Each structure stands twice: as C-alpha cells, then as structure tokens.
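Asker: okay, here's the prediction I keep looking at, along with the sequence it came from:
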Amino acid sequence: MEIGLSTASYFNKLQIEDAVLDIARHQVPLCEVFLNTYSEYEPEFVALLDERLRAGNVSVFSVHPMSMQFEPQLFSMHPRQRADASRVFEQVLADGQTLGASHYVMHGPARLFGGVKNIHLTRIAPIFTDLIQLAKSYGIQLTLENVSWCVFNEPEYGLRLLDAIGTEDVRFTLDVKQAVRSGFDPIDFIQAVGERIVNVHLCDATTMENGAVRYDMPGFGKYDFGKMFHTLSEYGYKGPAFIEVYSDMYEEIPTLYESRARMQRIVKDSPLR
C-alpha cells in the first residue's frame, strides 16, 4: 500500500502550489490535492499545479475541495442553489480530470440542527446517484468520506446509503480522525462498508486517562494501525493511504515525512505491504 500525502496537511504552512513542490522534492510519488477555495478551482491555477506535479513525477490519486463552500448546496431543496453548486462541482471534476485524479472526496450534506428534513435519505439518495454518474463522465469515482459533522458519521449510514442507492458505484473514503471524533473505531466503518472503501486518510489518536482523545501525527500516537491495516486487508483493500492532518499538529514540515516513514514501517509489517 502506498503512503502518500494530502496537500491539506500543509494548510497555512505552504500554499498548495509550493506544497506540491515539497512533495516532489521528497520523492513522494502519490498525493491527494486539497483545493482550498474558489480561486484554486480556476483552470489556470490547476494547470500550474499539474505542470509542477508532472515535473516532479507526482501522481494525483484524489481531489478534495473545501466542501462547505458548495457541497451542502448540491443537496439543497432550492433548485437555484443546487444549480449553482453543481456548476462548482463540475468545475472541480474538470480540475480533477486535468490533474489525472481518479477519485473525488466528498463530505456531502452537513448535519445541522433542525435540518433533518433536508437530508432525509429517500430525498438525497437520487441526488447522490446523479453526482456519482456526473463524476463518472469525467473519469472520476466519487467517494463519500466519513465526517463527524456530516451525514456519514456512523458506520450504519454507509449501509443505508448502499441500500437506498442500489448501485455498485458507491465508494467511500475512510478518515481515521473523523471516525474517532464520531465516537467509533475506524475498524467499525471497515466492518460495515470495507469492500467499498477505496481511500484512507491517516491521523493518530490516543485516548487519555480522563477519556479525552489527543490527535497526533500518524505513527506518533497509540492507535493500532497494524490492526486497522490487517482488517482492511481482510476486506480486499487495494488503495493508498494519505497523511491528512491539521497543520497545527506539527511544528516543522520534516515531521510530515517522519510520519510517513513510520507509517511505511507499519505497512511493511502488515498484509498490505
């Protein structure tokens, strides 16, 4: 299993166009591109990223936009909101196509107090189906990421979504940090939808004596990644995993690469090596 880096991990440490240069300098062959804002969705900017990535021999597995800028509106009850959001979504798909990405990471609708009627599965499942098909037209697989404050914040939701959509095209991104924030072990998500997981976001989590959780750089905490990788292998996992952390979790950029090295050593001792 390849351990790559998400450019999200550089947030406010380096701008994305410089982050990809740093990834290339460290000879990391695979990355996830996190696009932070509307100006970074523009074709001219994405062309610059593509040029730098190709020059550095870095491949892009997935593209991940700043979801709250438009993704909740993709599921809005208001047709104009959906239409405007769809135009942004399609631009990001075009960006992913330019970058050679094969996957799109989606948060989807947020779970807002009082907004349950807006995210009822019977209403939004057909929208998911349409978005999946639109992504396919760009050669990109849409993946829904588990996120504590969004619809996929419990393992069973993935099963309900699969049942509601009834298509083989549904895929998921597993986020370790967000699983723990939702009150679950990431393995719970694997056991629910493991055969449909195609992407993994890595972050460490250590449970303190008082029950609180401290989030760490992958390989710096106490989460049992060996067990998680073994469970992924039992479900036939073939995809990569990415260091995807909040940038305030580390001081110096070399820590990102020490984290990657630690995760590579864990993978080497797992069935996913």
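Answerer: Now that the structure is in, tell me what you want to look at. Residues are numbered from 1 along each chain as shown.

Asker: tell me the contacts of the closest residue to Met208 other than its chain neighbours?
Answerer: Leaving aside its chain neighbours, Met208 sits nearest to Arg214 (6.0 Å; criterion: Cβ to Cβ, 6 or more residues apart in numbering). No exception for glycine: its C-beta is placed from N, CA and C like everyone else's. Neighbouring residues of Arg214 by Cβ atoms under 8 Å, 6 or more residues apart in numbering: 205-206, 208, 221.

Asker: for Tyr235, same thing?
Answerer: Counted by Cβ under 8 Å, 6+ apart, Tyr235 has contacts 190, 194-195, 197.

Asker: for the helix or strand encompassing Arg214, the distance to its chain's centre please.
Answerer: Assigned by DSSP states H and E, Arg214 belongs to strand 213-216. Here the centre of strand 213-216 is set off from its chain's centre by 19 Å, with Cα atoms, centre = their mean, to the nearest Å.

Asker: can you check stretch 184-193 too?
Answerer: Centroid displacement of stretch 184-193 relative to its chain, using Cα atoms, centre = their mean, is 16 Å.

Asker: check stretch 208-220 too.
Answerer: So, by Cα atoms, centre = their mean, the centroid of stretch 208-220 is 21 Å from its chain's centroid.

Asker: surely Leu159 meets Gln191?
Answerer: No: counting by Cβ atoms under 8 Å, Leu159 stays clear of Gln191, with 10.4 Å between them.

Asker: before we move on, back to that, I'd like to know how far the residue nearest to Met208 sits from Asp185.
Answerer: 16 Å (Cβ to Cβ, to the nearest Å).

Asker: now swap in Leu144 and tell me
Answerer: For Leu144, the distance to Asp185 - Cβ to Cβ - is 19 Å.

Asker: who has more neighbours out of the two?
Answerer: Comparing Leu144 with Asp185 by other Cβ atoms under 10 Å, the one with more neighbours is Leu144, at 25 against 18.

Asker: beta partners of the residue nearest the centre of the chain?
Answerer: By Cα atoms, centre = their mean, the chain has its centre lying nearest to Val105, at 4.7 Å. For Val105, the beta-bridge partners under DSSP bridges are Thr143.

Asker: now the helices for this protein?
Answerer: Assigned helices in the chain, in chain order: 16-25, 43-55, 79-99, 121-137, 155-165, 176-181, 186-193, 225-234, 254-268 (criterion: DSSP state H).

Asker: which other helices and strands contact the shortest one?
Answerer: In other words, helix 176-181. In terms of contacts (3 or more Cβ pairs under 8 Å, 6 or more residues apart in numbering; DSSP states H and E), helix 176-181 is packed against helix 186-193, strand 197-202, strand 204-207, strand 213-216.

Asker: and the first one, which residues are buried?
Answerer: Counting neighbours by 16 or more other Cβ atoms under 10 Å, one finds that the buried residues in helix 186-193 are 186-190, 192-193.

Asker: between the residues you listed, which sits nearest Gly236?
Answerer: Distance to Gly236, by Cβ to Cβ, is smallest for Ile190 among the buried residues of helix 186-193, at 11.0 Å.

Asker: so what pLDDT did Asn118 get?
Answerer: Note for Asn118: predicted pLDDT of 69.

Asker: I meant Phe113, not that one.
Answerer: Model confidence at Phe113, given as pLDDT, is 56.

Asker: over to Ala24?
Answerer: pLDDT for Ala24: 98.

Asker: apart from its chain neighbours, what residue comes closest to it?
Answerer: Distances taken as Cβ to Cβ, 6+ apart put Gly56 closest to Ala24, at 2.4 Å, once the chain neighbours are dropped.
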